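Chemist: any chance you could fold what I've pasted below:
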Amino acid sequence: MIMLYKIIKYLVIKSFLYKIYLLIRTKKEFEGIQNFNIVPTKKKSLNSLLKINEDYFSSNPENKIPIEMHSFDWLNDFKKTGGINLLKKSRHLILDWKNCDFNLSSNVWNELLIAKRIINLSTNFDYYGTTASKEFKTIVTNLIFFHYKNLLFLKNFYLEKHDIDLEVSKALLLTSSFFGKKKDFFKLINFIKKQTIHQINKDGFHKSINIFEQAKFINNLIEIKNILLFNKYNNWSGIDNIIEEMTSVLKNFFHKDQSLPLFNATNNKQIDYVRYIANLQKDLKVKKLFEIKDGIAVVEASTTKIFFDVTKPNSKLLNKRMHSGTLSFEMSHDNEKIITNCGSPEKYLGKNQVYFRYSAAHSTLTINNTNISELSEKNGYRRIPKNIKNSSEEKKDFYKITASHDGYKNNYGVLIRRTLKINKDGLLILGSDEILNLKKVNKNNTFEIRFHLMPEIISALTNNDEQVILKLKNGMAWYLRSENNKLRIDESLYMGSGSHPLASSQIVIYGSISKLKNIVNWELKKVT
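Modeler: Numbers count the residues shown, from 1 in each chain. Predicted coordinates for the structure are as follows:
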């Protein structure tokens, strides 16, 4: 079905009638639109901006132009820096881009890039367009109108159309009122309402379970709210409740060292942005995420904090960057992170990027060193666990979370269950990983339980390879022990920054699956 949509979309874009439709001009002259952006832009160095030539787009091969240049984000940088030279250059670059006449079926015209160009061209018009010639204003007006019509049409070519990026709807809403498209304006409001229903789960998580996407969705909702108020539309009182709930969830997504937990392509590259959005409502209470049903469960026990992945993927569009890290966990204590996932690069690294999505790059259990979910580079995933269940329990002295998945059921005939029991003083974590054979035992099957460590941690095997001592950079020590099971220390990679991988290590509990019910108990305890 998805392929059918893509074929129809391609045929429409290539058709002569569609090109005629896009070339219909508007009689209005663009006057600019108020910038509703709530996040301050960082000022870039003048030298880096001056290096961009006036004929940048026409003088470089299309495949050599960074995709972010096509977003026109550089207009924000030019405006922030100021100066007559950059002003003139901005106009030349806009005309140069237009004259390149990029193929409508190329990635230059993907929906998110179109949306970004609409927003940047519209909200920066007061900078580059106000004092320009009438001819230039007419060209820009029709360029924006061309983008608007194209994007309005393309958003319908999705099987899961309510799962498309909210920035697409924001861009259309922003410009529809200016061009006098009142019907479009009100249709878009209803469309956005449906997007919030489709993209936010019952626990207040954006369904991508990506922390940056959570922050971005909140940002877009706030800007959409301001666009509606500017247009004197006040018939969506529920938007404030959605923003508050999602923000209260976001506030809980920080480790004890104030870094972000690394699930589903999250890294710390955009941590300042995430922190800014989380702190927009300073008096808002942090939402407790201990008893959730879908997303990242959070346990805070004194100075220890644990994040536990019980995500239930349900949209290939929203989960396109999903990692195969079901039941993985991260842990931090007293301003230092200890157990982590490997993270994810911010920019595409080809085949090297795929490793960071593998189950083995997460602090979870794997069978025969294979993935819990079958991943797809283009569509997120081909196969995921059909059943992911979890429950939470709080007692006087501890918290307990139990979760299970059937990701290995078809390939190996086993179910996986993990239990984490965390003392309320935060100094002891008892773990139990169960492998349940549904049929006969295959002793050739093996398991590995990984605990990826932060790069600064020094680890050493003791007690006949049944225990590992961890020495933290602040001088504290913890140990990981699993009686009657063998442990080893392997090399690992840490991509927490999103840009430069750091060498690190991982503890691995390993063995063969020799029984119908295999239970591996382990404990992570602070040395006092």
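Chemist: OK, contacts around residue 436?
Modeler: 414, 415, 416, 417, 516, 517, 518 (CB atoms under 8 Å, 6 or more residues apart in numbering). Placement of C-beta: from N, CA and C, glycine included.
Chemist: and if we set it to 10 Å?
Modeler: Each residue near residue 436 by CB atoms under 10 Å, 6 or more residues apart in numbering is listed here: 404, 406, 409, 413-417, 513, 515-519.
Chemist: who does it form a beta bridge with?
Modeler: residue 415, residue 517 (DSSP bridges).
Chemist: for the chain, what helix or strand is lowest in average pLDDT?
Modeler: helix 351-355 (a mean of 66; mean pLDDT, DSSP states H and E).
Chemist: after that helix, which helix or strand is next?
Modeler: Later in the chain than helix 351-355, the nearest helix or strand by DSSP states H and E is strand 365-367.
Chemist: that following strand pairs with which strands?
Modeler: strand 446-453 (antiparallel).
Chemist: which of the residues in the partner strand are buried?
Modeler: Buried residues in strand 446-453, defined by neighbour count with 16 or more other CB atoms under 10 Å: 447, 448, 449, 450, 451, 452, 453.
Chemist: walk me through which strands the following helix or strand past that strand pairs with, and which way each runs.
Modeler: Note on strand 446-453: by DSSP H and E, the next helix or strand toward the C-terminus is strand 458-462. Counting by DSSP bridges, the strands paired with strand 458-462 are strand 467-471 (antiparallel).
Chemist: by contact count, what packs against whichever helix or strand comes after the partner strand?
Modeler: Per DSSP H and E, strand 467-471 leads on to strand 477-481 as the next helix or strand towards the C-terminus. Strand 477-481 makes packing contacts with strand 336-340, strand 428-437, strand 458-462, strand 467-471, strand 502-512, strand 517-526 when contacts are defined by 3 or more CB pairs under 10 Å, 6 or more residues apart in numbering; DSSP states H and E.
Chemist: mind running it again at 7 Å?
Modeler: strand 467-471, strand 517-526 (3 or more CB pairs under 7 Å, 6 or more residues apart in numbering; DSSP states H and E).
Chemist: how about the CA coordinates for the shortest one, as CSV?
Modeler: Once side chains and other backbone atoms are set aside, the C-alpha atoms of strand 467-471 remain, and they are given as CSV (Å, rounded to 0.1, in the frame of the first residue of the first chain):
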residue,chain,number,x,y,z
GLN,A,467,31.8,-9.9,39.2
VAL,A,468,33.0,-6.6,37.7
ILE,A,469,34.2,-3.6,39.7
LEU,A,470,33.4,-0.2,38.3
LYS,A,471,35.4,2.8,39.2
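Chemist: list the buried ones in it?
Modeler: Quick answer for strand 467-471 (16+ other CB under 10 Å): 467, 468, 469, 470.
Chemist: who's the second one bridged to?
Modeler: Listed beta-bridge partners, residue 468: residue 461, residue 480 (assigned using DSSP bridges).
Chemist: correct me, but it touches residue 459?
Modeler: Yes - Residue 468 lies in contact with residue 459 (CB atoms under 7 Å); the separation is 5.3 Å.
Chemist: list residues touching both of those two?
Modeler: Here residue 468 and residue 459 share the contacting residues 489, 507, scored by CB atoms under 7 Å, 6 or more residues apart in numbering.
Chemist: quick revisit: okay, the buried residues of strand 467-471 in TSV with distance to residue 483 and pLDDT next?
Modeler: Converted to TSV, the buried residues of strand 467-471 look like this (distance: CB to CB, whole Å; pLDDT from 0 to 100):
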residue	distance to residue 483	pLDDT
467	9	95
468	13	97
469	16	97
470	18	97
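Chemist: flag the shaky bits of the stretch 151-300 of the chain, pLDDT-wise.
Modeler: Flagging of the stretch 151-300 of the chain using pLDDT under 70 yields the residue ranges 159.
Chemist: now do the helices in it.
Modeler: Remark: helices assigned in the stretch 151-300 of the chain by DSSP state H, counting those that start in this stretch are 166-176, 182-199, 211-230, 238-250, 271-278.
Chemist: which one of the ones you listed lies nearest to residue 82?
Modeler: Closest approach to residue 82 among the helices of the stretch 151-300 of the chain is made by helix 271-278 (23.1 Å; CB to CB).
Chemist: run the chain-centre distance for the closest one.
Modeler: Helix 271-278 has its average C-alpha position 13 Å from the chain's average C-alpha position, going by CA atoms, centre = their mean, to the nearest Å.
Chemist: same question for stretch 201-211.
Modeler: For stretch 201-211, the distance to the chain centre is 10 Å (CA atoms, centre = their mean).
Chemist: the strand or helix carrying residue 422 vs strand 517-526, what angle?
Modeler: Element membership for residue 422, per DSSP H and E: strand 414-423. Here the directions of strand 414-423 and strand 517-526 differ by 30 degrees (axes from the mean of the first three to the mean of the last three CA atoms, to 10 degrees).
Chemist: CA atoms of strand 414-423 as PDB?
Modeler: What follows is strand 414-423, C-alpha atoms only, in PDB (Å, rounded to 0.1, in the frame of the first residue of the first chain):
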ATOM      1  CA  VAL A 414      11.400 -17.900  23.100                       C
ATOM      2  CA  LEU A 415       9.900 -15.100  25.200                       C
ATOM      3  CA  ILE A 416      12.000 -12.500  27.100                       C
ATOM      4  CA  ARG A 417      11.100 -11.000  30.500                       C
ATOM      5  CA  ARG A 418      13.100  -8.500  32.400                       C
ATOM      6  CA  THR A 419      12.600  -7.300  36.000                       C
ATOM      7  CA  LEU A 420      14.300  -4.400  37.600                       C
ATOM      8  CA  LYS A 421      14.000  -4.000  41.400                       C
ATOM      9  CA  ILE A 422      15.400  -0.700  42.700                       C
ATOM     10  CA  ASN A 423      16.000   0.000  46.400                       C
END
